[in-house]
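Prediction below, plus the sequence it came from.
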Amino acid sequence: MTFSETANITQRENAACFEVQGASDYTLKSMSIFRRGHEDDRQSLMSNNTNLKDGRFICLCKSVIDRFSDGEYVVRFSLKPIKKHQNSRVFSNAIQINGQQVKNIPLQENEITHYLGNNF
């Protein structure tokens, strides 16, 4: 088990974007979202619903956010390095969706770690 990194979410050009330092050196390996407390009901997000903007933002299209009702969610994603001698990076983020607004909320203790054996 290891600690996840976190990334702040901001709204940019009709998208919800996680700011990731050095994102241009990585590709998105996987991304999922689940309602807080309901990890078994995890939904994988497809790469056509995400994109990299300005070399530092991993963004969810507005249509993805619109699919979810108001509430608290945990978003997890992993980045695979483009260069061979870098490690993969795993992120865990808690967000609150309220209408068209998306904002960061603190992770709970059980949400800040991940297992190396996961498909992240």
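Cool, got the structure.

burial of residue 71, as a residue count?
Residue 71 has 13 neighbours, counted by other CB atoms under 10 Å. Where you see a C-beta, it was placed from the backbone N, CA and C, and this is true even at glycine.

Spatially nearest residue to it, not counting backbone neighbours?
In space, residue 71 comes closest to residue 35 once its chain neighbours are excluded; the distance is 5.9 Å by CB to CB, 6 or more residues apart in numbering.

ok now do the one you found, which residues does it touch?
Taking CB atoms under 8 Å, 6 or more residues apart in numbering as the definition of contact, the neighbours of residue 35 are 41, 71, 72, 73.

same question, residue 105
For residue 105, the set of contacting residues under the criterion of CB under 8 Å, 6+ apart consists of 72, 94, 95, 96.

out of the contacts of residue 35, which is most surrounded?
For the contacts of residue 35, neighbours were counted by other CB under 10 Å; the highest total belongs to residue 73, with 20 neighbours.

quick revisit: out of the contacts of residue 105, flag the one nearest to residue 108.
Nearest to residue 108 out of the contacts of residue 105 is residue 94 (CB to CB; 7.3 Å).

just for the chain, where's the confidence low?
Across the chain, residues meeting the criterion (pLDDT under 70) sit at 1, 114-120.

rerun at 90
Low-confidence segments of the chain (pLDDT under 90): 1-4, 11-15, 22-24, 27-30, 37, 39-55, 60-68, 83-88, 99-101, 109-120.

can you map out the strands along it?
Chain-ordered strands for the chain, with DSSP state E as the definition, fall at 2-3, 9-12, 15-19, 26-35, 43-44, 50-53, 57-61, 71-81, 89-98, 101-105, 113-114.

Report the two of the contacts of residue 35 separated the most.
Among the contacts of residue 35, the pair separated by the greatest distance (CB to CB) is 41 and 72, at 13.5 Å.

roughly how far apart are the spatially closest residue to residue 102 that is not a sequence neighbour and residue 8?
What sits nearest to residue 102 in space, not counting adjacent residues and going by CB to CB, 6+ apart, is residue 16, at 4.5 Å. The span separating residue 16 from residue 8 equals 11 Å under the rule CB to CB, to the nearest Å.
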